[in-house]
Structures are given as C-alpha cells and as structure tokens.
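Undergrad: need coordinates for the following:
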Amino acid sequence: MAIIAHPPGEEIQFDWVELPDPPVEWGVGANAHLLVGALAHSGRWRAVLAEAETFPHLVQAIDAVLRRLGGTARRWRFDRMATVCHPPTGRILPTFASVAKYYGAGVDICPPRRGNRKGVVEKANHSAAQRWWRTVPDGISIGAGQNGVDKLAVQMDSRKRKLDGASTTVAALAEAEPLLDLPPRPFPAELEQIRVVSPQGLVFFAGNHYSVPPGLVGAHVTVRIRLGEDDLHVVTASRAVIAHHRRAPDGAGQTVRDSGHVVALERAVLASFSDKAPCRTKVRRPPSAAAQAEAEKLRGRPESDVANRVVIDLSHYAAVADRLRQAPTHEDQECESE
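TA: Residues are numbered from 1 along each chain as shown. Just a heads-up that it's a prediction; the model follows:
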C-alpha cells in the first residue's frame, strides 16, 4: 500500500455517501445524501446531509462542511463527479472553478481507478455509515439526523495518532493545521426544490413549513433560495412568485405563515360554509331491528335466541321479597313448627 504524504493544511478530501431508506419525515425520497469532508493530514472529518447531489446542493454542503472544520485547506480533492469536472477528461467545470476561487482553494481530481488518492475520506465514509446511519431511528427530523452525525464526527476527533514517535490525537493535529479563513457568506449559488402544497396551504423545506396563498392544495411549486441570503421564494411552474418569506433556521421545525395568507385562508374556509340548510338538532333516532340484533350478538347471545328468548315473570319474587321484609310473628313460628 502506497503512503502519500499530506502536509498540514494542504488538502481536504470530499466525497458523497448515498444513504438508503431514510426516514419518511425527511422527505428526500429513496436515498439521503451525505457530503463528507476530511482533512488529509489530521484525519478530522465533518459531514452534512443534503437532499440531492446537484451543483447547488454540493456548494451548500461544501460551505457547511468547511465551517464545521473551521476553515479550508489550500487544495480540494474530488473523484470524477459530474458537478465538479468533465468525468472522461477530469477537466474542472468553469462553474465549479468559480466556487473554488471564491473560497481561495485549488481543485485536484483523482486519476482514474486510483481510489487510494482519497483514502482518508473513504475511511470517514465507513465510520459515518457503520457507526451512525445504521442506528438512525424512524420518526426523527432531518435536523436531528444532522445533530447525530455531528456528534459522531466530534467523538472521532479523540482517535489516537503517532507523529514522529509521539502520541497525539486527531483533535490536536487538526487544531495545529493552518487553514485558510472562509468568506463571510457562502458562494451565492441558487438552489431550487420542487414541493407539493399540503392541505394546510404549506410547503416543506429544510426542516420547516412555509405558507402559500389558498387554492393551491396539491399543486407542485418550486422553493427557491440563494445561498447566503435570508429570503425564500415560492414560485409556480410559470416562474410567478406567489410567496416570499424570511427563512427560519434549517431543521428548526417552525411553521412560517404570511399574515396575508392567514387572512385569505380564513376567508376561503368561512366562504365554504352556508346557513341555507342548517343541521337538524335534537333528532330522535331509535335503534333499528338490525342494530338491536347486532347488540345482542355482542352480548354473546345467538341470533336464534334473540327472537325466541323467554321473558321471566318476576311478580312471584316480588311477593316473596315483600313477605320477607316483615318480621315473623309468634303464630307464624308455631305454624312452621307444626
């Protein structure tokens, strides 16, 4: 096995991990996607969940990973993914070159069939898949899932390392790496996601719900954001903007409603009611013969016994009870002794 030298702060290795059968609450389909970034020298890694592997999702995830690492190395290493380069030739795409330039980093592409060139991130992929993903329960939010992988990544910083014969840890090596500072805001890529309007007039995006005008239940709309900005737009297929919101923190579980949408929804609901034919109240509805028969079945009586059951006359028992209420006289006792 070839040992490749990685000077401190020189390289970050990135790779996508596809995670099958995510919780239904995440709303991401058959697979969730995890972008893992690992510092090649120290082995510290961080990972971010994404809904897809498109160019805007990649840019968003790279920025989130870098901010978790506390900076960027001078070089980024990728395999031949189509959002970064032209796979047959390995030539960097102009769109991604502008992203790397924005963060002040260069880009290196792995040669064909040379997986050992990014072995550090491949090992991190294995840790994330085996130690975290296999134990993710159903019913949790995507924000809770992200918290889980963040917690694991921090725990993995305690791994032991040997440097020039001295014992150290991944965390100590990572803190000593000279990383470059990050821009104040992410690269301004435009992210779009298609959503279906719920019966409550809401669309789901990044762990929160946002309102749209009434009358769009079941319609397909597009949620559009620009990375680094705090606004969110909901547009139709014809690109008409129907809603504008201030974004809530991702994974916060908040419901953001526009006051105009609330008023319009209330009016639409009230307009659907009518007093022309009010509901009848205090109506007597005695049980039918069929209902009585079913009740007898539930009491354990066969259907044949329902029609032919014998009614017991209790008048004899009532007479005996009345007689027993009176104290016996001396004459009654003499009669009984005879």
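Undergrad: so Ser127 touches Met156, yeah?
TA: Yes. With contact defined as C-beta atoms under 8 Å, Ser127 reaches Met156; the gap is 6.1 Å. All C-beta spots, glycine's among them, are computed from the backbone N, C-alpha and C.
Undergrad: touching both of these two, which residues are there?
TA: By the contact definition C-beta atoms under 8 Å, 6 or more residues apart in numbering, Ser127 and Met156 are jointly contacted by Trp45.
Undergrad: from Arg299, how far off is Ala290?
TA: The spacing between Ala290 and Arg299, counted by C-beta to C-beta, to the nearest Å, is 15 Å.
Undergrad: cool, and Lys123?
TA: Distance from Lys123 to Arg299, by C-beta to C-beta: 68 Å.
Undergrad: looking at those two, which is more packed in?
TA: Lys123 (15 against 8; other C-beta atoms under 10 Å).
Undergrad: which element is the more buried one on?
TA: Using DSSP states H and E, Lys123 maps to helix 119-127.
Undergrad: mind giving me the packing neighbours of that helix?
TA: Helices and strands touching helix 119-127, by 3 or more C-beta pairs under 8 Å, 6 or more residues apart in numbering; DSSP states H and E, are strand 11-20, strand 31-39, strand 45-50.
Undergrad: and that helix with strand 11-20, angle?
TA: 30 degrees (axes from the mean of the first three to the mean of the last three C-alpha atoms, to 10 degrees).
Undergrad: what does the helix or strand just after helix 119-127 contact?
TA: Where DSSP H and E defines the elements, the next helix or strand beyond helix 119-127 is helix 142-155. With C-beta under 8 Å, 6+ apart as the test, helix 142-155 has contacts from 22-23, 25-26, 28, 32, 34, 44-49, 68, 127-128, 131-132, 136, 206-207, 250-253.
Undergrad: just the buried subset of the residues you listed, please.
TA: Using 16 or more other C-beta atoms under 10 Å as the burial test, the contacts of helix 142-155 include 22-23, 26, 28, 32, 34, 44-49, 68, 127-128, 132, 136, 206-207, 251 as buried.
Undergrad: returning to that earlier point: in a markdown table: the helices and strands packed on helix 119-127, plus mean pLDDT and distance to Glu190.
TA: Formatted as a markdown table, the helices and strands packed on helix 119-127 follow (pLDDT from 0 to 100; distance: least, C-beta to C-beta, whole Å):
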| stretch | mean pLDDT | distance to Glu190 |
| --- | --- | --- |
| strand 11-20 | 94 | 21 |
| strand 31-39 | 94 | 18 |
| strand 45-50 | 94 | 15 |
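Undergrad: nearest to Thr83 among those strands would be which one?
TA: With C-beta to C-beta as the criterion, Thr83 lies closest to strand 11-20 of the helices and strands packed on helix 119-127, at 9.5 Å.
Undergrad: any chance you could list what contacts that closest one?
TA: The set of residues external to strand 11-20 that reach it, using C-beta under 8 Å, 6+ apart, is 30-41, 47, 53, 62, 65-66, 69, 72-79, 81, 105, 108, 118, 120-122, 125, 128-129, 133.
Undergrad: starting at the chain centroid, how far to it?
TA: Centroid displacement of strand 11-20 relative to its chain, using C-alpha atoms, centre = their mean, to the nearest Å, is 20 Å.
Undergrad: got it, and stretch 167-183?
TA: Using C-alpha atoms, centre = their mean, the offset of stretch 167-183 from its chain centre is 32 Å.
Undergrad: ok, now stretch 112-131?
TA: With C-alpha atoms, centre = their mean, you get 26 Å for stretch 112-131.
Undergrad: about what we covered before: can you add distance to Ala5 and give the helices and strands packed on helix 119-127 back as CSV?
TA: Compiled in CSV, these are given as follows (distance: least, C-beta to C-beta, whole Å):
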stretch, distance to Ala5
strand 11-20, 10
strand 31-39, 14
strand 45-50, 19
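Undergrad: looking at those, which is nearest to Asp258?
TA: So among the helices and strands packed on helix 119-127, strand 45-50 is nearest, using C-beta to C-beta, at 27.5 Å.
Undergrad: ok, and what's touching that closest one?
TA: 17, 32-39, 57-58, 60-61, 64-65, 68-69, 120-121, 124, 127-128, 142, 145-146, 149-150, 153, 156.
Undergrad: relative orientation of that strand and helix 142-155 in degrees?
TA: Here strand 45-50 runs at an angle of 170 degrees relative to helix 142-155 (the same axes, to 10 degrees).
Undergrad: let's have the chain start at 47 instead
TA: Let's use 47 as the start, then, which means that last one is strand 91-96.
Undergrad: parallel or antiparallel, which strands does strand 91-96 pair with?
TA: strand 77-85 (antiparallel) (DSSP bridges).
Undergrad: pLDDT weak spots in the stretch 47-196 of the chain?
TA: Flagging of the stretch 47-196 of the chain using pLDDT under 70 yields the residue ranges 47-49, 160-162.
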